[in-house]
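Colleague: model the following, please.
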Amino acid sequence: MRIAYLCGTNGWGGLEMNQLKNAVWMQNRGHFVKLYCLENSPIHKAAENSGIPFFYIKKHKNHYDFLSAFKLLGYLKQERIEHLIIRATFDMSIAASISFLSGRKINVHFFMEMEFGAPKKQFFRTLRYSYFNSWNCPLEYLKKQVLENANVSSQKINVIPSGLDFGSITENTKTESRNLLQLPDDEFLFGIVGRIDPKKGQLYALKATQLLSEYKFKLVIVGEETPDAPSNYLREIKEFIALNQLEQKIIFLPFQKNPMDVFNAFDWTLMTSDSETFGMVTIESMAQGTPVIGSNAGGTSELLDFGNAGLLFETKNEFYLAEKMKLALEKKTPFELTTFQNSISKFNRNDVCEKVEKMLKNIIVNS
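Modeller: Sure thing, here's the model as predicted:
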């Protein structure tokens with residue numbers, strides 16, 4: 001198949017990473033793949049290192065940019081593209097325009113990365129969505145959300161999760177991973193991975209740590225502030241640590257390009273975000289064999305099989321988080337630590353790519 005991946009954003013988060021990862025995997029499976037992105041954007045630079053062919057586009061408008069759509073359509077026709085894949089809602093309008101201008105000869109597929117903040121049933125949105133050949137959700141709860149909050153045919157909606165390369169799992173021992181990261185080998189380690197941001201909830205983890213002062217463990221905070229957008233949150237975190245004399249319990253690590261040794265070094269990973277649509281941190285940790293205590297919101301509860309494959313705590317509540325951390329410390333968890341990994345086998349990249357291929361082929365057959 002001939003597939004184009006469109007990314008008109010300048011960010012470098014899970015959305016952009018998943019777009020590029022899927023492009024790389026599909027290219028490795030023998031499909032023609034080309035990425036259309038902004039020059040010097042993070043995904044452009046990552047594509048250069050990944051060996052994905054790319055083409056520069058100019059930043060288009062959020063709505064009704066027919067001129068940009070017409071220009072992009074010309075490039076897609078030259079490459080005989082059959083399928084156009086988008087993930088950012090910012091790219092929805094131009095993708096729908098391309099479907100319209102091509103007489104629906106180019107199939108448009110939306111892979112949902114963010115949950116709905118409000119109903120999307122306005123006429124112009126319904127018209128736009130009608131030009132999508134498929135709407136793909138990473139989890140069942142998002143499929144239900146789409147059915148309730150948007151006018152999208154149920155026949156177009158699929159559940160296809162974001163994939164994980166299980167080959168990236170480290171074979172280092174826990175001691176080796178800790179030595180690599182210069183972490184203590186004789187301590188019980190909780191870890192939290194993500195950018196330093198109020199929505200990621202590092203402060204709740206610190207407050208829970210303070211409530212468990214009688215227990216011997218350390219909290220490892222891995223991540224950095226958003227580049228070029230520093231906030232007061234990191235300062236607030238450090239002030240809380242100093243005020244409560246937690247310096248000996250907290251370890252900071254910068255962002256790590258290869259996270260699997262990080263998860264391997266932890267005894268438990270904390271997912272304290274307000275709400276994660278689909279937390280890659282959760283499945284990466286579980287794939288590495290490290291259990292997760294997660295916020296009971298967004299996709300985290302489904303990823304943890306509603307408490308059967310991890311521990312859930314009430315979102316934004318340090319007291320409930322402390323209770324679950326105490327269970328972990330006292331080894332009173334309600335599941336076998338060696339069995340929860342079975343629940344993430346469906347996220348294997350090969351299985352995910354097969355689902356994508358099947359969906360794309362069915363569109364061609366039925367068109």
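
Colleague: what about the strands in the stretch 201-350 of the chain?
Modeller: Under the criterion DSSP state E, counting those that start in this stretch, the stretch 201-350 of the chain carries strands at the ranges 218-222, 250-253, 268-271, 292-295, 311-313.

Colleague: quick one, which of those is nearest to Phe124?
Modeller: strand 292-295 (34.0 Å; CB to CB). Bear in mind the C-beta positions are built from the backbone N, C-alpha and C, glycine included.

Colleague: if you count neighbours, what's buried in that closest one?
Modeller: Within strand 292-295, the residues that count as buried by 16 or more other CB atoms under 10 Å are 292-295.

Colleague: each with direction, which strands does it pair with?
Modeller: Strand 292-295 sits in its sheet next to strand 268-271 (parallel), strand 311-313 (parallel), going by DSSP bridges.

Colleague: what sits up against the last one?
Modeller: Read it as strand 311-313. The set of residues external to strand 311-313 that reach it, using CB atoms under 8 Å, 6 or more residues apart in numbering, is 291-296, 300-301, 304, 306, 320-321, 323-324, 327-328, 333.

Colleague: apply 6 Å and report the result again.
Modeller: 293-294, 296, 301, 320-321, 324 (CB atoms under 6 Å, 6 or more residues apart in numbering).

Colleague: would you mind finding the most buried of the strands paired with strand 292-295?
Modeller: Burial of the strands paired with strand 292-295 is given as mean neighbour count (mean count of other CB atoms under 10 Å); strand 268-271 ranks first at a mean of 27.

Colleague: list phi and psi for the residue lying closest to Phe66 once chain neighbours are set aside.
Modeller: With sequence-adjacent residues excluded and distances taken as CB to CB, 6 or more residues apart in numbering, Phe66 is closest to Ser97, at 5.7 Å. Backbone torsions for Ser97, taken as degrees, to the nearest 10, come to phi -60, psi -40.

Colleague: relative to Tyr131, how far out is Ser97?
Modeller: Distance, Ser97 to Tyr131, by CB to CB, to the nearest Å: 8 Å.

Colleague: these two - which one has more neighbours?
Modeller: Set Ser97 next to Tyr131 and count neighbours by other CB atoms under 10 Å: Ser97 wins out with 24 against 18.

Colleague: the more buried one contacts Ala69, correct?
Modeller: Yes - the criterion here is CB atoms under 6 Å, and Ser97 meets it with Ala69 at 3.6 Å.

Colleague: which stretches of the stretch 51-200 of the chain form strands?
Modeller: 54-57, 83-86, 107-111, 134-137, 157-159, 189-193.

Colleague: mind putting those strands in TSV, distance to Pro259, mean pLDDT and mean neighbour count included?
Modeller: As requested, the strands of the stretch 51-200 of the chain are arranged in TSV below (distance: least, CB to CB, whole Å; pLDDT from 0 to 100; neighbours: other CB atoms under 10 Å):
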stretch	distance to Pro259	mean pLDDT	mean neighbour count
strand 54-57	25	94	17
strand 83-86	25	98	25
strand 107-111	22	98	24
strand 134-137	25	97	22
strand 157-159	25	96	16
strand 189-193	6	97	23
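
Colleague: and these as a markdown table, adding distance to Asn366?
Modeller: As requested, the strands of the stretch 51-200 of the chain are exported to a markdown table (distance: least, CB to CB, whole Å):
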| stretch | distance to Asn366 |
| --- | --- |
| strand 54-57 | 29 |
| strand 83-86 | 14 |
| strand 107-111 | 10 |
| strand 134-137 | 11 |
| strand 157-159 | 13 |
| strand 189-193 | 41 |
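
Colleague: between those strands, which one is closest to Ile363.
Modeller: strand 107-111 (5.1 Å).

Colleague: can I get the CA coordinates of that closest one in CSV?
Modeller: What follows is strand 107-111, C-alpha atoms only, in CSV (Å, rounded to 0.1, in the frame of the first residue of the first chain):
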residue,chain,number,x,y,z
ASN,A,107,-8.8,7.5,1.9
VAL,A,108,-8.4,9.6,5.1
HIS,A,109,-7.9,7.9,8.4
PHE,A,110,-7.9,9.6,11.8
PHE,A,111,-6.1,8.0,14.7
